[in-house]
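>>> Just need the structure, nothing else, for what follows:
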Amino acid sequence: MKELYAFASSPKCCQLKTIIIKKKGVVLLFFFVLVGASVFAQSASKRGYVGVSVPVIVNNSEALYYQLGSPKHPTGTAVSYGVNINYTQPFLKNFYARASIGYFRQAFNLLRPFQYHTPDGTKPLYHTKKYFYDNLISGIAIGYKRTLDKQYSINADVCYNHLSSFRQKYIATENQAYQVNKESFSPGHFISLNIGSERVLNEKFSIGFNVCVPVYTKWNNDEMFYKFEYSDKSQQIAKTKFSLGMGLSCFFHL
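Numbers count the residues shown, from 1 in each chain. All right, here's what the predicted structure looks like:
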């Protein structure tokens with residue numbers, strides 16, 4: 001036992017442990033390389049396809065502001081929509097990855113005070129009736145597609161969407177006034193679960209329909225809204241209470 005303990009504590013044993021750990025790391029790295037190469041090889045043998053999609057999302061939201069120290073939580077429902085181009089690459093047996101980029105108008109129908117600037121430079125206390133953000137939207141999704149027969153298939157994917165706004169419009173309840181800004185910032189991002197179906201028209205074209213369920217949404221702050229000392233969330237664009245959408249797509253198979 002003493003000899004065994006002495007060997008375990010010796011430099012030779014430590015060197016042996018280091019070699020074994022390194023070999024395990026090499027084997028593990030080699031395993032992941034093989035898996036990645038296998039996925040790439042299978043993906044290369046599968047044809048990708050390009051699509052044009054038109055999403056429409058109905059969102060019920062609320063905002064936060066304060067009046068004489070009392071919190072107010074206005075709510076409202078608005079319709080947001082857009083169009084994007086996307087590329088889908090199948091891999092493994094029934095899985096696919098999809099990347100998209102396009103235009104998306106995110107709208108809110110919420111009554112809240114905002115910093116309206118008149119042409120003469122004054123800042124009267126106006127309230128929004130509605131406001132929206134014109135965005136560049138980019139997304140990436142991982143999904144699963146199941147073929148039912150020669151014409152029909154069903155699919156489901158999880159998609160991360162990021163919004164980058166280049167134009168904002170705020171419509172006031174007072175005097176039919178509105179303000180347009182052209183600031184560059186991110187209003188937020190959301191993760192959606194999409195479930196749909198696809199119908200093959202011929203060898204090159206197919207059409208699709210999907211239901212979109214945003215499962216997580218994060219809206220950032222907008223400095224156009226007043227910041228109240230009572231809460232750090234008084235400038236937040238909105239808080240989503242419920243949202244549901246749909247999308248129509250046309251695909252060209254390469």
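
>>> ok, then the element right after the helix or strand harbouring N84?
Using DSSP states H and E, N84 sits within strand 75-91. On the C-terminal side of strand 75-91, the closest following helix or strand by DSSP H and E is strand 95-108.

>>> From the contact counts, what lies against that next one?
Judged by 3 or more Cβ pairs under 8 Å, 6 or more residues apart in numbering; DSSP states H and E, the packing partners of strand 95-108 are strand 49-62, strand 75-91, strand 125-147, strand 152-172. All C-beta atoms are positioned from the backbone trio N, CA, C, and that covers glycine.

>>> got the buried residues for the longest one?
Residues of strand 125-147 classed as buried: 126-139, 141, 143, 145 (neighbour count, 16 or more other Cβ atoms under 10 Å).

>>> Tell me, how many residues neighbour G82?
Residues near G82, counting by other Cβ atoms under 10 Å, number 21.

>>> Am I right that it is in contact with A107?
No - the pair formed by G82 and A107 falls short of the contact definition of Cβ atoms under 8 Å, at 10.8 Å.

>>> wait, what's in contact with S164?
Going by Cβ atoms under 8 Å, 6 or more residues apart in numbering, S164 touches N135, L136, I137, S138, S184, F185, S186.

>>> Could you do K182 as well?
F166, R167, Q168.

>>> Repeat that for I137.
By Cβ under 8 Å, 6+ apart, I137 lies in contact with G82, N84, S100, I101, G102, Y103, F104, N161, H162, L163, S164.

>>> Can you tell me the closest non-neighbouring residue to the third one?
Of all residues beyond its chain neighbours, the one nearest S100 is N86 (3.6 Å), with distances taken as Cβ to Cβ, 6 or more residues apart in numbering.

>>> got the buried residues for stretch 172-189?
Residues of stretch 172-189 classed as buried by neighbour count (16+ other Cβ under 10 Å): A172, Q179, N181, P187, G188, H189.

>>> try stretch 80-92
Across stretch 80-92, burial judged by 16+ other Cβ under 10 Å covers S80, Y81, G82, N84, N86, T88, P90, F91.

>>> On the pLDDT front, check the closest residue to the third one other than its chain neighbours for me.
Computed as Cβ to Cβ, 6+ apart, the closest residue to G82 that is not its neighbour in sequence is F104, at 3.3 Å. For F104, the model assigns a pLDDT of 98.

>>> Before I go, just wanted to say thanks for your time.
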